[in-house]
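Undergrad: Based on what follows, work out the 3D shape:
(2 chains)
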Amino acid sequence: MKQQWPIMIFAWRNLWRYPKRTAILITVTVLGLATTLFFNSLMLSWSNSMLDNTLNNLGAQWQINAPGYQQNRDIEHRFEFSPEQQQALEQSGLYWAQRIHLPGVLKSEYDTTGVDFMAVNLRNEQRLSFIGRFTHSYPELIEKFDDGSQPYQIIVGEALLNRLKTAVGRKLVLMTQGKDGKLAEIGLRITANYRHSDPNIEKSMVFMPLASAQKWLKLPHEISEIAVKSPQKLSLEMVKNANFSSEKLRRISPLFKEQKILNWRELQPFAFASIEMMYNFNWVWLLMIGIMMLFAMLNTLYMSLYERRNELQRLFILGLKPRDLRRLLLLEHLAVLLISIIISWTLLIALVASLREGIDLSFLAEGTAWLGISHQLFLGYDYELWLTNTTQLFCGLFLFGMIPIWRATRIQRLKASQHTLDNH
Amino acid sequence: MHYAPVIECQQVCKTFADGDSVIKAVDQLDLQVFSGEFICLYGASGSGKTTLLNMIGGLDRPCSGEVFLDKHPLSHYSDDALTDVRLRKIGFIFQSYNLIPVFTALENVAFIMQMQGVDSKMALSKSQAILQKVGLGEMLNRRPSELSGGQQQRVAIARAIVAEPKIVLADEPTANLDSKNSEQLLELMHELNRDLGMTFIISSHDPQVIEAAERRIELADGKIIHDDSIQN
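TA: Here you go, the predicted model:
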């Protein structure tokens, strides 16, 4: 330890001997590290937003359907929801909602358009989907919707209202295929309209009471799907995980032998592929930035060590062993990296704090809707991600930095003497 | 006053290849250096002064023959052990001072002792005393860039002697100094040689240095052609 202290002082002072060079090294490392961490945080928030939207847009984490329903969402692929199944779900502790989900045609006095109509129970949807959350603050609406006191009502998106040139309070005609294969139609009064960040959802999704739809379509106990969600808040990592499952759901699954239980990954392959692509892109980005930083850093290190070759050789002549010289240079290298990490993290924390209101992507409205993310992206203090990325970059830069250091300290005695004694 | 040779070269040869030809830098050279001597190696460029100094300092190994330091053959030491020998037994003075620019005069001198494992406090107090002895007591905290050439070379001398090495090897120590500073430096080295009994081997072209040496050894074509001790 006695020898370490002067070497540490030597290394620290050497760092500031060529402030410009040290500043370049630190700037390169800070730029690389801070951009990587920021970009990866952005990607994570993007993925989270996509996941939240996908799960909230009626997808849920699991769905129970009749076999073949995912391939052909029509009235033929329905199933009877038995009281035993309902009881098991009620006792399971999971959030769930039964639905009839069919394609239909909606007609106003001015226009006709194809829609996805969903017959739901708003109370059950509250913990599952955006429509439940949206109607949460309107208890009267929920009551009338769910208890059957106003059976012939429909909730449509604001964009659809505009398209059909109609308004709340007016009537629409909904048509779909009945279970006998013939066209079934019903007149419904618009009781509410909703807003959604994705205009496509506003234009395509309409909601009517489940009991009314069952009565209209003569499907007293039959439904198209049961959406299921775990009460536990799932992280992106957990949902993305291939083994994503629920013990509670597994326990009741024997009661759904006739049906298919699909998880989120199977229900939303596009969203899953996008999230997975972003995850992989994080790695590609990390690798790209890492390689660029490595080139810049190795280049500067090689240059600086080449310039200091004579000095290192003189120190060797004075009695410093190559391992002491290596320690000296490694300490300098380590100090540059640590200073860069501190600056990068400080910058990043400040940046995230300054963006706490969210990043407004409304100028990319169509694109964000297509990708299934919201207009506002919220960055979080993703310390775990930052720590992982920092550790990866730090290890890469530190280990590769050892190459020029190792080479610079492989001093041959005679060369040392030639560079110091003869050349003067 | 001189008893045992601190350095002994026995039939030392060193050749370098230069294309197809072989250059004999040192040719079957025999030399005995006794403790406390003040020697100047001189001779024309290419006469073998620096090669000999390198071999004595353990920076180069002879092709044949042997260099003994304190009766120990240097060829028996590993590279690491030779570095240790240089740290503990040999002091170096370079033509261009080669002080560590980020250290003060005091830290430059103390650094070598600290690298030997000497306690920092002790190293600093001893370095302070040595710097006072070389006349730089008032400039302990100045960095090399704040010192004149002569003052820097004094710091280099202090650094070379602070660990009380057996021998001090100096390569053209006055080459970058004016005659007044050279004279002062030579006086200082003489004083240290007298007071501390250290052996000085100086390689130089400078007549002032040659004149001031107690023992002058002239080299030509890798051989000793004149040695005061043999002459006397």
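Undergrad: contacting residues for the residue nearest the centre of chain A?
TA: Centrality entry for chain A: nearest residue to the mean C-alpha point is residue A:47, 1.9 Å, by CA atoms, centre = their mean. By CB atoms under 8 Å, 6 or more residues apart in numbering or on different chains, the contact set of residue A:47 is A:236, A:274, A:275, A:278, A:279. Just so you know, the C-beta spots here come from the backbone N, C-alpha and C atoms, and that holds for glycine as well.
Undergrad: Export those to CSV and append columns for secondary structure, distance to chain B and pLDDT.
TA: Converted to CSV, the contacts of residue A:47 look like this (DSSP: H, G, I helix; E, B strand; the rest coil; distance: CB to the nearest CB, whole Å; pLDDT from 0 to 100):
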residue, secondary structure, distance to chain B, pLDDT
A:236, helix, 49, 65
A:274, helix, 53, 79
A:275, helix, 51, 78
A:278, helix, 47, 78
A:279, helix, 46, 76
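Undergrad: Now for those residues: which two are most distant?
TA: A:236 and A:274 (12.2 Å; CB to CB).
Undergrad: Now a ChimeraX select for only the buried ones of the contacts of residue A:47.
TA: Remark: buried members of the contacts of residue A:47, expressed as a ChimeraX selection using 16 or more other CB atoms under 10 Å in any protein chain shown:
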select /A:236,274,275,278,279
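Undergrad: what's the residue nearest to the centre of chain A sitting at in phi/psi?
TA: When read as degrees, to the nearest 10, the backbone of residue A:47 gives phi -60, psi -40.
Undergrad: now the contacts of residue A:47 in TSV, with distance to residue A:59?
TA: Formatted as TSV, the contacts of residue A:47 follow (distance: CB to CB, whole Å):
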residue	distance to residue A:59
A:236	15
A:274	14
A:275	13
A:278	18
A:279	19
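Undergrad: ok and the residue in the stretch 201-350 of chain A nearest chain B?
TA: With CB to the nearest CB, the shortest gap between the stretch 201-350 of chain A and chain B falls at residue A:319, namely 2.7 Å.
Undergrad: Tell me where the stretch 301-424 of chain A has strands.
TA: In the stretch 301-424 of chain A, the strands defined using DSSP state E, counting those that start in this stretch lie at A:359-360, A:376-377.
Undergrad: Name the stretch among those that sits most buried.
TA: Sort the strands of the stretch 301-424 of chain A by mean neighbour count, taking mean count of other CB atoms under 10 Å in any protein chain shown, and strand A:376-377 sits at the top with a mean of 16.
Undergrad: Near chain A, which residues of chain B? Just list them.
TA: Within reach of chain A by CB under 8 Å from any CB of the partner chain, chain B has these residues: B:50, B:53-54, B:57-61, B:79-80, B:82-84, B:86-88, B:92, B:94-96, B:98, B:100-103, B:107, B:110-112, B:114-120, B:159, B:171-172, B:175.
Undergrad: Write down the beta-bridge partners of residue A:157, one by one.
TA: residue A:194 (DSSP bridges).
Undergrad: For chain B, see how far away it is.
TA: Look at residue A:157 and chain B: by CB to the nearest CB, to the nearest Å, they are 70 Å apart.
Undergrad: burial count for that residue?
TA: Residues near residue A:157, counting by other CB atoms under 10 Å in any protein chain shown, number 24.
Undergrad: quick one: contacts for it?
TA: Per CB under 8 Å, 6+ apart, neighbours of residue A:157: A:193, A:194, A:195, A:196, A:201, A:202, A:203, A:204, A:205, A:206.
Undergrad: List buried residues within those.
TA: A:193, A:194, A:196, A:201, A:202, A:203, A:204, A:205, A:206.
Undergrad: Would you reformat the residues you listed as a markdown table and include pLDDT?
TA: Formatted as a markdown table, those follow (pLDDT from 0 to 100):
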| residue | pLDDT |
| --- | --- |
| A:193 | 90 |
| A:194 | 90 |
| A:196 | 84 |
| A:201 | 85 |
| A:202 | 87 |
| A:203 | 89 |
| A:204 | 90 |
| A:205 | 91 |
| A:206 | 93 |
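Undergrad: Restricted to helices, list those residues.
TA: Among the buried ones among the contacts of residue A:157, DSSP state H puts A:201, A:202, A:203, A:204 in helices.
Undergrad: Leaving out the residues flanking it, which one is nearest to the last one?
TA: I take that to be residue A:204. residue A:116 (5.2 Å; CB to CB, 6 or more residues apart in numbering or on different chains).
Undergrad: which helices and strands does the helix or strand encompassing the one you found pack with?
TA: Using DSSP states H and E, residue A:116 falls within strand A:112-120. Judged by 3 or more CB pairs under 8 Å, 6 or more residues apart in numbering or on different chains; DSSP states H and E, strand A:112-120 is in contact with strand A:95-107, helix A:130-135, helix A:158-163, strand A:171-177, helix A:199-204, strand A:205-209, helix A:210-216.
Undergrad: Just say helix, strand or coil for the residue nearest to the spatial centre of chain B.
TA: Nearest to the mean C-alpha position of chain B, counting by CA atoms, centre = their mean, stands residue B:169 at 0.9 Å. When classified by DSSP: H, G, I helix; E, B strand; the rest coil, residue B:169 comes out as strand.
Undergrad: Can you give me every residue that contacts it?
TA: B:53, B:56, B:57, B:90, B:91, B:92, B:93, B:201, B:203.
Undergrad: One more pass at 10 Å, please.
TA: Shown in contact with residue B:169 (CB atoms under 10 Å, 6 or more residues apart in numbering or on different chains): A:317, A:421, B:7, B:41, B:53-54, B:56-57, B:59, B:86, B:90-94, B:160, B:199-203.
Undergrad: what's the answer for residue B:170, then?
TA: Residue B:170 sits next to B:40-41, B:53, B:91-95, B:153, B:156-157, B:160, B:185, B:189, B:200-204, B:209 when contact means CB under 10 Å, 6+ apart.
Undergrad: Looking at those residues, which are in helices?
TA: Reading helices off the contacts of residue B:170 with DSSP H, I get B:53, B:153, B:156, B:157, B:160, B:185, B:189, B:209.
Undergrad: From residue B:158, how far out is the nearest residue to the fifth one once chain neighbours are set aside?
TA: Distances taken as CB to CB, 6+ apart put residue B:91 closest to residue B:160, at 3.1 Å, once the chain neighbours are dropped. Noted for residue B:91: a distance of 10 Å to residue B:158, by CB to CB, to the nearest Å.
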